[in-house]
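Colleague: Next input, structure requested:
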Amino acid sequence: MGRATHLFWRISGVILGILVILLSGAWGALALWYQFPGPPTAKTVAVVVWALLALVAIVALIMGRRKISLLYVGAFAVLLLWWVNIAPRNDRLWADDVAQTTRAEIDPGTPDIVRLTQVRNFDWRSETDYTPRWEARTYDLSRLSSVDLALSYWASPSIAHTLVSFGFEGGDHVTFSVEIRKEKGEDFSEIGGFFKEFELSLIAADERDIIRLRTNVRKEDVYLYRIGLTPQAMRSLFLAYAAKANSLADTPRWYNTITANCTTIVYEMVKHIVPGLPLDTRLLFSGYLPEYIKDVGGLVPGHSLEELRRTGRIADRAIAADRDPRFSQAIRTGMID
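Modeller: Residues are numbered from 1 along each chain as shown. A predicted model of the protein is given here:
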C-alpha cells in the first residue's frame, strides 16, 4: 500500500508539473510574441527557443531529472522580471485618431468651468479618408443637463463598445470614450490586449465625430440610453472623466481586455459616485450592460428594456442626419428621456 501511494503521488506530481509548464510555457510564448523587440523573425526565434526550453523541462520532469526542470523555473523567473519592467509609454508613433490626449483645465476660482484641450472633431469620409481636427472647448457644469450611455455593436450581441455622452443646456454634447491607443498600422487584438499590446486612451470628442464614425462610416449598430443621475452625480462623473484624462496624459496605463477596458474603467469611476454598485459578469460582456444598469435602477423608470432599446437605436437617424449641425438632436428624436 505504501509503495502504491508513493507511486500515485509521484505520478500526480509529474502530471501537475507538466500542466504548470504547459500553462506557463503558453503564457511565456504569447508574452514573447507580443513584446519581444524586433521584427516577426526575431519574435519567432524567441518563441521557438522558449517552447524548446519548456519541452526539455517536461521531458526532464518525466525522467526524474528535477535539477534540469529547475532551470526552466529560473528561466521563467527571468521572463517575469523582464515582463514586469515593460512600462507603458506616451511617446510612440500613434495612429491619427489617438495621436493626442485629452486634458482638462479647471480654474479653482470658477470650478464650474472646465476647459478640455485636444477634443477630437474629425470629419470622417471613410476610415482611411478624414480631415483631422483637435479643438479646445469650454463647458459650464452648471448647465449640464443629461448623461447618455452609448453602446456600439459590430459583431456579437454580447460585446459592445461603451461611450458616455454629456449634454448641456443649449444642445452642446461631448462624448468620452476609453479606447486602445493604437500605433500607426496597428490593429486591435483581443489576445494582444492581455499582453501589454496597447496603452489606454481617453478620448473626448464631438458626437459628429465619434458617434457618426461608428454609425455612418463603420456601419455599427449604436444605441443610446438616458442614465438617471442627479445633477451632482452628473457633475461628479464629468469631473471624474476630466481627472482620468489628466491621469492618463501624465501617467500612461496599459489596456487590458478584461480588467482595464472601455467598460471597467467607467465602472471604476461610477462606483465612487454611486456607492454599492455590484460587480457583475455583464461588466465584462458589455453588450448586456443595459440589463445591468436597469437592474440597479439607472435607466428611465416606467419603461421596459425592450422599449428603451427600440427607441434608443440611433443608426438610421444618424445616417439620415449625417453632417447636420444638429446631429446630436437628430439622433435623440424619439428617444425616451
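Colleague: surely residue 104 meets residue 242?
Modeller: Yes: using C-beta atoms under 8 Å, residue 104 is in contact with residue 242, at 3.4 Å. Bear in mind the C-beta positions are built from the backbone N, C-alpha and C, glycine included.
Colleague: Next, show the common contact partners of these two.
Modeller: 114, 116 (C-beta atoms under 8 Å, 6 or more residues apart in numbering).
Colleague: neighbour count winner among those two?
Modeller: A direct count of neighbours by other C-beta atoms under 10 Å for residue 104 and residue 242 places residue 242 higher, at 23 against 19.
Colleague: Quick one: residues contacting residue 135.
Modeller: 118, 119, 121, 206.
Colleague: And the average pLDDT for stretch 90-104 is what?
Modeller: For stretch 90-104, mean pLDDT rounds to 96.
Colleague: Please save the CA atoms from that stretch in CSV.
Modeller: Presented in CSV, the C-alpha positions along stretch 90-104 are these (Å, rounded to 0.1, in the frame of the first residue of the first chain):
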residue,chain,number,x,y,z
ASN,A,90,3.0,58.1,-24.3
ASP,A,91,5.7,58.8,-26.9
ARG,A,92,5.0,56.2,-29.6
LEU,A,93,4.1,56.9,-33.3
TRP,A,94,0.4,56.9,-32.7
ALA,A,95,-2.5,56.4,-35.2
ASP,A,96,-4.0,59.8,-36.1
ASP,A,97,-7.3,59.2,-34.3
VAL,A,98,-5.5,58.7,-30.9
ALA,A,99,-2.5,60.9,-31.6
GLN,A,100,-3.5,63.4,-28.9
THR,A,101,-4.5,63.0,-25.3
THR,A,102,-7.4,65.0,-23.8
ARG,A,103,-6.5,67.3,-20.9
ALA,A,104,-8.8,69.2,-18.6
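Colleague: Same question for that stretch: list its buried residues.
Modeller: Of all the residues in stretch 90-104, those buried under the rule 16 or more other C-beta atoms under 10 Å are 94, 95, 97, 98, 100, 101, 102, 103, 104.
Colleague: hmm, which two among these are most spread apart?
Modeller: Greatest spatial distance among the buried residues of stretch 90-104 (C-beta to C-beta): 95 and 104, at 22.7 Å.
Colleague: quick one: contacts of stretch 324-333?
Modeller: Counting by C-beta under 8 Å, 6+ apart, 148, 167, 171-173, 207-208, 211-212, 224, 314, 317-318, 320-321 sit against stretch 324-333.
Colleague: shaky segments in the protein?
Modeller: 1-2, 6-9 (pLDDT under 70).
Colleague: what ranges do the strands span in it?
Modeller: Remark: strands assigned in the chain by DSSP state E are 103-106, 113-120, 123-124, 130-131, 134-140, 144-153, 161-168, 173-181, 199-205, 221-226.
Colleague: Would you mind listing the residues in contact with residue 248?
Modeller: 101, 200, 201, 202.
Colleague: let's see it at 6 Å
Modeller: Contacts for residue 248 (C-beta atoms under 6 Å, 6 or more residues apart in numbering) come out as 200, 202.
Colleague: Provide a list of residues in contact with residue 29.
Modeller: Applying C-beta under 6 Å, 6+ apart, the residues contacting residue 29 are 47, 50.
Colleague: now do the one 3 residues further on
Modeller: By C-beta under 6 Å, 6+ apart, the contact list for residue 32 reads 46, 47, 50.
Colleague: right, and the first one touches residue 35 too?
Modeller: No: distance between residue 46 and residue 35: 9.7 Å, which falls outside the contact criterion (C-beta atoms under 6 Å).
Colleague: Between the two, point out the one with more neighbours.
Modeller: Taking neighbours as other C-beta under 10 Å, residue 46 and residue 35 compare with residue 46 leading, 19 against 16.
Colleague: Now for that one: which residues touch it?
Modeller: Residue 46 neighbours (C-beta under 6 Å, 6+ apart): 32, 36.
Colleague: and what of residue 72?
Modeller: With C-beta under 6 Å, 6+ apart, residue 72 has these contacts: residue 57.
Colleague: if I pick residue 114, what's in contact with it?
Modeller: 104, 106, 139, 242.
Colleague: distance of the nearest residue in space to it that is not next to it in sequence from residue 298?
Modeller: Leaving aside its chain neighbours, residue 114 sits nearest to residue 139 (5.0 Å; criterion: C-beta to C-beta, 6 or more residues apart in numbering). Distance, residue 139 to residue 298, using C-beta to C-beta, to the nearest Å: 23 Å.
Colleague: buried set for the biggest helix by length in the chain?
Modeller: Longest helix of the chain, by residue count under DSSP state H: helix 2-35. Neighbour-count burial for helix 2-35, counted by 16+ other C-beta under 10 Å, picks out 14, 17, 21, 24-25, 27-29, 31-35.
Colleague: Give me the distance between it and the centre of its chain.
Modeller: Here helix 2-35 is found 33 Å from its chain centre; the criterion is C-alpha atoms, centre = their mean, to the nearest Å.
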